[in-house]
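# Sequence first, predicted coordinates after that:
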Amino acid sequence: MATVTFEHATRSYPRSDRPAVDALDLEIADGEFLVLVGPSGCGKSTSLRMLAGLEEVDSGAIRIGDRDVTDSPPKDRDIAMVFQSYALYPHMTVEQNMGFALKLAGVGKAEIARRVAEAATILDLSDYLQRRPKALSGGQRQRVAMGRAIVRSPQVFLMDEPLSNLDAKLRVQTRTQIAALTRRLGTTTVYVTHDQVEAMTMGDRVAVLKDGLLLQCDTPAVLYERPANVFVAGFIGSPAMNLVTGEVADGGVRVGTSVLPVDRDRLTRASAGTGRVTVGFRPECLEFAGPGDGLSLVVDVVEQLGSDAYLYCTPEGVQAGVGGSGVVVRTEPRQAPVPGETVRLRVRPGALHVFDPVTQARVD
Ligand code: ADP
């Protein structure tokens, strides 16, 4: 087990005008489960591959424990990687697949058998050791791929979208199993996904990347409650946070015919120079308000989910569907209005996020 450190690690692919990973600084604690998340092309896989030694580091450094591995070949890094494709050998049995890396490393037969049997027990694969991959379900193949990593007892697990080939239900089950397993083993894990729900449910901390830049790295709770910028605010959470940019007016921000109140201090700092401000509020942070209070919203669509209802609304005085102006509201299903109704909703105290519309940074 070990810590992992990215120190200003940068990778620029030939013939590209900006780095795929730009001066990444990240310290991952011993035994931590860290998730790299972000939209496609943000640099997640490149970061992981730099740590694996599969991608050059153009500047900066990468350390595993006290060792600088920036220029070490993959085999000397004491890591094990689980790929999206699993990359199982089709002509080998489960047992041979799981033991193959140990065999290459010259580990004795008895020791290989012991470690494979142990991993198979942990992963509930003991009855399948003599099967070939094609005779396994998707979930079992995924577990063999995990088993192949576990038998090596590496210092760090690297996982690149390991659940993306599973159907939705199995993905939910398996993500819980992987998170529990790596914690039980106490192995430092770096996990890549584009799925923010996966990131939030699995990670001790989550690092959000965009365009090769690390935007924020923190616990799921902090990312949700105090996003550092507009991008993280909109990326984390489903349905997404409502984000509105508008003119400052009468102690707040104008949203259609209403004014959403914003405390003077944040309003002044966020709108400096532009007279505009970006505010954010989550769908679950709105409550029904009396006449003259809160936002006046026209309900376009009501989605009944049983446990909750979601209202898709347009602020009164704004043309529906213009410039991402919609507001999503979560309510009690029995409280839900009907489409076409106009409702008044206010943001719960303390639940309003304020951002500078120019820098996109959070203002506290
Ligand atoms: P992610 O894993 O977040 O989808 P990647 O790390 O794969 O992102 O890619 C980051 C950026 O680098 C993207 O713009 C991608 O097009 C580019 N890129 C990735 N691999 C290569 C490569 N081998 N050659 C050139 N550009 C690449």
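Happy to help now that I have it.

# could you list every residue that touches Val57?
Val57 makes contact with 9-11, 50, 70-71, according to C-beta atoms under 8 Å, 6 or more residues apart in numbering. C-beta coordinates here come from the backbone N, C-alpha and C atoms, glycine included.

# Quickly find the element holding the residue lying closest to Pro154 once chain neighbours are set aside.
Leaving aside its sequence neighbours, Pro154 sits nearest to Ala80 (C-beta to C-beta, 6 or more residues apart in numbering; 4.1 Å). Assigned by DSSP states H and E, Ala80 belongs to strand 79-82.

# And for the helix or strand just after that strand, what's in contact with it?
Later in the chain than strand 79-82, the nearest helix or strand by DSSP H and E is helix 94-104. With contacts defined as C-beta under 8 Å, 6+ apart, helix 94-104 is touched by 80, 88-89, 92, 111-113, 115-116, 119-120, 125, 128-133, 136, 144, 147-148, 151-152.

# Convert helix 94-104 to CSV, retaining C-alpha atoms only.
Provided in CSV are the C-alpha atoms of helix 94-104 (Å, rounded to 0.1, in the frame of the first residue of the first chain):
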residue,chain,number,x,y,z
VAL,A,94,-10.5,-18.3,-15.3
GLU,A,95,-7.8,-19.8,-13.1
GLN,A,96,-5.1,-19.3,-15.7
ASN,A,97,-6.3,-15.8,-16.5
MET,A,98,-6.1,-14.9,-12.8
GLY,A,99,-2.7,-16.5,-12.3
PHE,A,100,-1.0,-15.4,-15.5
ALA,A,101,0.8,-12.3,-14.3
LEU,A,102,2.1,-14.2,-11.3
LYS,A,103,3.4,-16.9,-13.6
LEU,A,104,5.2,-14.3,-15.7
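
# which parts of that helix are buried?
94-102 (16 or more other C-beta atoms under 10 Å).

# likewise stretch 129-147?
129, 132-133, 136, 139-147.

# okay if I get those as TSV plus distance to Leu166?
Formatted as TSV, these follow (distance: C-beta to C-beta, whole Å):
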residue	distance to Leu166
Leu129	21
Arg132	19
Pro133	15
Leu136	12
Gly139	6
Gln140	11
Arg141	9
Gln142	6
Arg143	11
Val144	13
Ala145	11
Met146	12
Gly147	16
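
# ok but Arg266 is inside a strand, no?
No - assessed with DSSP: H, G, I helix; E, B strand; the rest coil, Arg266 is helix; it does not lie in a strand.

# Grab the nearest non-local neighbour of it.
Arg266 sits nearest to Val354 (C-beta to C-beta, 6+ apart), 4.3 Å away.

# quick one: contacts for that neighbour?
Contacts of Val354 by C-beta under 8 Å, 6+ apart are 262, 266-267, 270, 277-280, 362-363.

# which of those residues has the most neighbours?
Greatest neighbour count in the contacts of Val354, by other C-beta atoms under 10 Å, goes to Val277: 27 neighbours.

# List the strands paired with the strand or helix carrying it, with their directions.
Take DSSP H and E as the rule and Val277 turns out to sit in strand 276-281. Partners of strand 276-281 in the sheet, by DSSP bridges, are strand 242-249 (antiparallel), strand 353-355 (antiparallel).

# Nearest to Ser59, out of these?
strand 353-355 (31.4 Å; C-beta to C-beta).

# Among the contacts of Val57, which one lies nearest to Glu27?
Out of those, the member with the shortest distance to Glu27 (by C-beta to C-beta) is Ala9, at 11.9 Å.

# which residue packs closest to that closest one, ignoring adjacent ones?
Gly60 (4.0 Å).

# residue contacts, that neighbour?
6-10, 23-24, 70.

# Same question for Pro227.
Contacts for Pro227 (C-beta under 8 Å, 6+ apart) come out as 216, 233, 236, 241, 280, 353, 362.

# got the residues of the stretch 51-200 of the chain near the ligand?
Taking C-beta under 6 Å from any ligand atom, no part of the stretch 51-200 of the chain reaches the ligand.

# can you map out the strands along the stretch 51-200 of the chain?
With DSSP state E, counting those that start in this stretch as the criterion, the stretch 51-200 of the chain has strands at 59-64, 67-68, 79-82, 156-160, 188-193.

# Mean pLDDT for those strands - can I get that in CSV?
Output for those, formatted as CSV (pLDDT from 0 to 100):
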stretch, mean pLDDT
strand 59-64, 98
strand 67-68, 96
strand 79-82, 93
strand 156-160, 96
strand 188-193, 97
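
# if we can go back for a sec, export the contacts of Val354 to TSV and append columns for pLDDT.
Shown next, in TSV, are the contacts of Val354 (pLDDT from 0 to 100):
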residue	pLDDT
Val262	95
Arg266	96
Leu267	96
Ala270	95
Val277	96
Thr278	96
Val279	97
Gly280	97
Arg362	98
Val363	97
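
# Do a quick rundown of the helices in the stretch 251-364 of the chain.
Along the stretch 251-364 of the chain, counting by DSSP state H, counting those that start in this stretch, helices occupy 264-271.

# who touches the closest residue to the ligand within it in this structure?
Closest to the ligand within the stretch 251-364 of the chain is Gln360: 19.9 Å, counting by C-beta to the nearest ligand atom. Applying C-beta under 8 Å, 6+ apart to Gln360 gives the contacts 229-231, 278.

# if I look at it, how far off is Lys210?
Between Gln360 and Lys210 the computed distance is 11 Å (C-beta to C-beta, to the nearest Å).

# any common contacting residues for the two?
Contact criterion C-beta under 8 Å, 6+ apart; residues shared by Gln360 and Lys210: Phe231.

# Neighbours of Asp218, how many?
Asp218: 18 surrounding residues under other C-beta under 10 Å.

# Provide a list of residues in contact with it.
Asp218 neighbours (C-beta under 8 Å, 6+ apart): 205-206.
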